[in-house]
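A.B. asks: Give me coordinates for this.
(2 chains, ligands or ions: 3)
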Amino acid sequence: MEKHMAVCPYCGAGCKLNLLVDDGMVIGAEGIDGVTNEGELCLKGLSGFDFINDTKILTPRILHPMIRREKGGELERVTWDEALDFTAQRLTEIKEKYGPDAIMLTGSSRGPGNEANFVMQKFTRACIGTNNIDNCARTCHGPSVIGLMDTVGSGAMSVSIPNLENADLIMLFGYNPSASHPIVARRIVKAKEKGAKIIVVDPRSIETARIADLYIQIKNGCNLAFMNAFANVIVSENMHDKAFIDAHTNGFDAWWETIKNYTPESVAEVCGCDPDDIRKAARMYATAPNSVIGWGMGVTQQRQGVKVVHTIAAIACVANQIGRDNAGLAPVRGQNNVQGSCDMGMWPSLLPGYQKVENPEMRAKFEKAWGLPAGALPAEPGFKLTDLPHGVKEGKIRAFYNFGEDPLQTEPDSADMKETLENLDLLISQDIFMTQTTALADVVFPGTSWGEHDGVFSASDRTFQRFTAAVPPKGECKHDWQIFQELSTRMGYPMHYEDTEEIWNEVRELCPNFYGATYEKMAGTGHAQWPVPTLECPGTPTLYKNGQFNTADKKAILMAHDFVEPTELPDDAYPLVLCTVREVGHYSCRSMTGNCKVLSMLADEPGYVHINPADAEARNIRDEDLVWVSSRRGKVITRACLDERINKGAVYMTYQWWIGKCNDLTMHVTDPLSGTPEDKYSACEVHSIDDQVWAERHMQALYSALKDRLAAEAAPQNVAPAAEASAE
Amino acid sequence: MNTFIAIEPDRCIGCGTCLAACSHGHRVAGLQAEPRLALTFAPQVTAAVTCHQCEGAPCLAVCPVDAIMRTDEAVVVNEQACIGCKLCAIVCPFGAIHPAGTSTAGVAGIAFETPSQPRGTSPLLAWSIGVYTCAVKCDLCSTYDPEGGPHCVRACPTNALFVRDATTLGDARKDKMKAAATANQIMMGRSTNLKEA
Ligand code: SF4
Ligand code: SF4
Ligand code: SF4
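C.D. replies: Residues are numbered from 1 along each chain as shown, chains lettered A, B, ... in the order given. Ligands and ions are numbered 1, 2, ... in the order given. Just a heads-up that it's a prediction; the model follows:
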């Protein structure tokens, strides 16, 4: 048996592990002593390896390139040369006819790694000539990236994951680490055992609420009102650090003009909590020696996501709870490499290393390095991922290159998204599985899976770590960066990388903050936390030390905003709030974990809708019953879980299910500042089903039909092009 | 004395890593893939519930075909001998034993599952076409990996699970008495104002 070092491909905790390989098959995983996980893994890291072996539990892997010669035709397996020629020709035609900005691409924040993403954005900018590149952070922590860049200068955690356990106080706001990042939750348990105080503010009584010193159950959708009042208390009770504010921030007076109106009493109704609890929480936070605020999708997937992040950043600054090892901001990133996608410039306004496309000096630097004539790189920021639906409707976007994501599962209002994808002139999908999105594609490129390639991931706390291949590529799968460079070469901008290290060294040369993160430094369980400007620098666990923010004048900018209610409030027809959350044992669109034996056995379709027992009783729904959940967008079948931890008037569905698909119900309304959908708040109703046996069979039939359809879409790959030719 | 797995509920985050480890270990050894422990969520407590390997094990006493035996390590089910009568599951005071079977549905070429009752049906009554069930219970991993020790304990990322045997129980009791004397106050001062449902 061999062991191959890797980093878990599932969440931003960045757990290091060994893949155990026997006879060319991955047969197990074991935790190793990485900086964030210290040898521990959660169930996904431990049992999430066998999808690599193409188990076909949920959907088959794609092992050969396929194309659809005409819209609506059948997929046909072709040689790599034909697939690449076909794609290069189609993309070139679209570019010539409609201009480069008619092509949109999305990076992959999952298994491919930083190098593949870097090459993709280079292909986008240098070869196609557009900034239309984005990544799934748009639907998750986009508001954190934007909100933090606006205020403190860097869109990332300011503290490191290991240092969380030494904080004196941890406040979790709209963040459930036990489901999102078990290995981060472990640090919070350890902090508690070391004596830290814990505050949890969340509409659901999440796991951490049980060990919290103060748990405040708020109403869904009240974030900005709550945080404004929290800030109000800090200043009203004189707990702000005036010297720090004077020396290191701008805009306090204007900020206070807004905040002063938000007394705890004034928001009590909107937040549904005791004003004194807000006071208590603010006092605990401001007076503890070192406090950390952790937040997640509960903050970002809201109408005012960016504005709440502005306020959180301001709170940390006025209370001087930032810039120390155990005090700061912790927006913990969801997908394993979503930090990395942002680091690599998979963002319509940012080149790799957070260098703005609008800055001519930056563009000139990249033009020179990439051998382009001056002025060749586009200066205008491109489209956001959430611009895709209306971009296609208005005819501005004609081609979409989907890299390792499944927007049909993970984006809101799937019916609308399906129409969008069908209306494209060209949909390219480069993935490892036949997902629902790939099933619609005109070109299907089989990339290698995690476990079959090398690279670097960025963990949520800015830690670069290397992972290696454990088994050779299956079928005709090619490394993602090879696919991009071959396409680029065909389209007139040749690229010839030999391996990922060569790509990474180019990244290091171009991004001053990543320069010291060499492959050598990251060998084994080695790591490098950016900024790492020099070869000697061991990495920087803590940002903004001594109040030095990453803004032009090194001062933080305080920003305040007025509270606005969520877009779609419950009414008589749809009286419940629908909030989408995540499954602990599954990941993203579930194409990987759903193909793992243990994980698919522990949790399978149609998932659950968690509902307060009182709301269930009023609808004559029993625990484990199948139910319909409906909204103005659609109707899905799922299973009820009567859960006393859920607040009345709201229901929660995890977004991993293909049958019990909450994104058939959610709404495509986005925070205008970030383009992030309001997934945490829409109106719905839950209906009981009388004939449960019928419902059980119906659900199984739907599930089975979906699996059959995907298997059928993938089937042409089993017919080799040569075989077909000789049969004719 | 009986060795068993105990849990510190304040450490448990309900992640289910223990279930995954239990399932994987047994499945690889050719045993039922069903996890032997279960997670229970109450408003104030999350805990994995496991078998206590009782000294006077009622499951062992009632089994009509002697499919349950006491070994040096644990009370174990012989999956080959079990007739799936479910008596053991009824008498277990902890709900730590339950029937499970491997469905053939979903295997290529075979139709999908055809449930014949609502899921809410008690596992003791539930059945599905063509599936032979057998009792599963914690064997402390002794039947397939005696050297490795309990896999769930090893896997739990927060170290919430412990092996309780004669030594650790004695030590734990001493620790607890000490802790009770000093930390009582801390516990009492803990004010999670969880709302009643
Ligand atoms: S999913 Fe996250 S917490 Fe779990 S093992 Fe992987 S990186 Fe660690
Ligand atoms: S692995 Fe540990 S923390 Fe997770 S559910 Fe099991 S006992 Fe609880
Ligand atoms: S000791 Fe072994 S058999 Fe028992 S619950 Fe833990 S993993 Fe399962």
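A.B. asks: For chain B, which residues score under the pLDDT cut-off?
C.D. replies: For chain B, applying pLDDT under 70 flags the ranges B:1, B:102-114, B:119-131, B:166-173, B:176-197.
A.B. asks: Show me where it has its strands.
C.D. replies: B:4-7, B:38-41, B:46-49, B:68-70, B:75-77, B:98-100, B:134-136, B:161-164 (DSSP state E).
A.B. asks: which residue does the stretch 1-150 of chain A bring closest to ligand 3?
C.D. replies: With Cβ to the nearest ligand atom, the shortest gap between the stretch 1-150 of chain A and ligand 3 falls at A:L46, namely 12.0 Å. C-beta here means a position set from N, CA and C on the backbone, and glycine is covered the same way.
A.B. asks: pretty sure that residue contacts B:C22?
C.D. replies: No: with contact defined as Cβ atoms under 8 Å, A:L46 does not reach B:C22; the gap is 11.1 Å.
A.B. asks: Do I have it right that B:D10 meets A:I211?
C.D. replies: Yes: contact criterion Cβ under 8 Å: B:D10 and A:I211 qualify, at 5.5 Å.
A.B. asks: The two - which one has more neighbours?
C.D. replies: Taking neighbours as other Cβ atoms under 10 Å in any protein chain shown, B:D10 and A:I211 compare with A:I211 leading, 21 against 18.
A.B. asks: List, one by one, the residues from chain B near ligand 3.
C.D. replies: Neighbours of ligand 3 within chain B, by Cβ under 6 Å from any ligand atom: B:5, B:21-22, B:25, B:36-37, B:50, B:138-141, B:150-152.
A.B. asks: what residues are up against A:L487?
C.D. replies: In this structure, A:L487 makes contact with A:84, A:87-88, A:91, A:123, judged by Cβ atoms under 8 Å, 6 or more residues apart in numbering or on different chains.
A.B. asks: Narrow those to those in helices?
C.D. replies: Counting by DSSP state H, the contacts of A:L487 place A:84, A:87-88, A:91 in helices.
A.B. asks: Among those residues, which pair sits farthest apart?
C.D. replies: A:L84 and A:L91 (10.5 Å; Cβ to Cβ).
A.B. asks: When those two are compared, which one has more neighbours?
C.D. replies: More crowded of A:L84 and A:L91, by other Cβ under 10 Å: A:L91, with 24 against 21.
A.B. asks: any idea how far that one is from ligand 1?
C.D. replies: 35 Å (Cβ to the nearest ligand atom, to the nearest Å).
A.B. asks: what about that residue, distance to A:P389?
C.D. replies: A:L91 sits 21 Å away from A:P389, going by Cβ to Cβ, to the nearest Å.
A.B. asks: Briefly note if stretch A:574-591 comes near ligand 2.
C.D. replies: No: counting by Cβ under 6 Å from any ligand atom, ligand 2 has no neighbours in stretch A:574-591; the shortest distance is 8.8 Å.
A.B. asks: quick check, that stretch touching chain B?
C.D. replies: Yes: interface with chain B: stretch A:574-591 contributes A:584-585 (Cβ under 8 Å from any Cβ of the partner chain).
A.B. asks: So which bits of that stretch are buried?
C.D. replies: Along stretch A:574-591, these residues count as buried under the neighbour rule (16 or more other Cβ atoms under 10 Å in any protein chain shown): A:574, A:576-591.
A.B. asks: Those residues of chain A touching ligand 1, which are they?
C.D. replies: Counting by Cβ under 6 Å from any ligand atom, chain A sits next to ligand 1 at A:8, A:10-11, A:13-15, A:37, A:41-42, A:44-45, A:181-183.
A.B. asks: what do you get if the cut-off is 8 Å, keeping everything else the same?
C.D. replies: For chain A, the residues in contact with ligand 1 (Cβ under 8 Å from any ligand atom) are A:7-15, A:17, A:31, A:36-37, A:40-46, A:48, A:181-184, A:336, A:459, A:587.
A.B. asks: Pass me the low-pLDDT residue ranges in chain A, would you?
C.D. replies: A:722-728.
A.B. asks: Could you chop it up by domain?
C.D. replies: With domains defined by automatic domain parsing, chain A comprises A:2-53, A:78-137+A:336-512, A:142-332+A:553-557, A:576-715.
A.B. asks: With respect to ligand 2, which of the contacts of A:L487 is nearest?
C.D. replies: Nearest member of those to ligand 2, counting by Cβ to the nearest ligand atom, is A:F123, at 42.0 Å.
A.B. asks: if I look at the residue of chain A at minimum distance from ligand 2, how far off is A:C11?
C.D. replies: Chain A approaches ligand 2 most closely through A:P182 (6.9 Å), counting by Cβ to the nearest ligand atom. Separation of A:P182 from A:C11 (Cβ to Cβ): 8 Å.
A.B. asks: Let me know how buried A:P143 is, in neighbour terms.
C.D. replies: As a measure of burial, A:P143 has 30 neighbours, counting by other Cβ under 10 Å.
A.B. asks: I'd assumed A:T300 was in contact with it.
C.D. replies: Yes: with contact defined as Cβ under 8 Å, A:P143 counts as touching A:T300 (4.3 Å).
A.B. asks: nearest residue to A:D571 other than its sequence neighbours?
C.D. replies: A:A683 (6.6 Å; Cβ to Cβ, 6 or more residues apart in numbering or on different chains).
A.B. asks: related to what we said a few turns ago, now tabulate the contacts of A:L487 in TSV and tack on distance to A:E617.
C.D. replies: Listed next are those as TSV, based on distance: Cβ to Cβ, whole Å:
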residue	distance to A:E617
A:L84	59
A:T87	56
A:A88	60
A:L91	56
A:F123	56
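A.B. asks: Am I right that A:S429 sits in a helix?
C.D. replies: No: A:S429 sits outside any helix when classified using DSSP: H, G, I helix; E, B strand; the rest coil, being strand.
A.B. asks: Next, count neighbours for it.
C.D. replies: Using other Cβ under 10 Å: A:S429 sits among 26 other residues.
A.B. asks: and it, how far is that from chain B?
C.D. replies: 25 Å (Cβ to the nearest Cβ, to the nearest Å).
A.B. asks: mind checking how far A:E257 is from A:V235?
C.D. replies: Counting by Cβ to Cβ - A:E257 and A:V235 are separated by 12 Å.
A.B. asks: Quick check on those two: which one has the bigger neighbour count.
C.D. replies: A:V235 (21 against 11).
A.B. asks: For that one, pull up the helix or strand it's in.
C.D. replies: Following DSSP states H and E, one finds A:V235 within helix A:223-236.
A.B. asks: What is whichever helix or strand comes after that helix packed up against?
C.D. replies: Once the chain leaves helix A:223-236, the next helix or strand it forms, by DSSP H and E, is helix A:242-248. Counting contacts by 3 or more Cβ pairs under 8 Å, 6 or more residues apart in numbering or on different chains; DSSP states H and E, helix A:242-248 packs against helix A:305-318.
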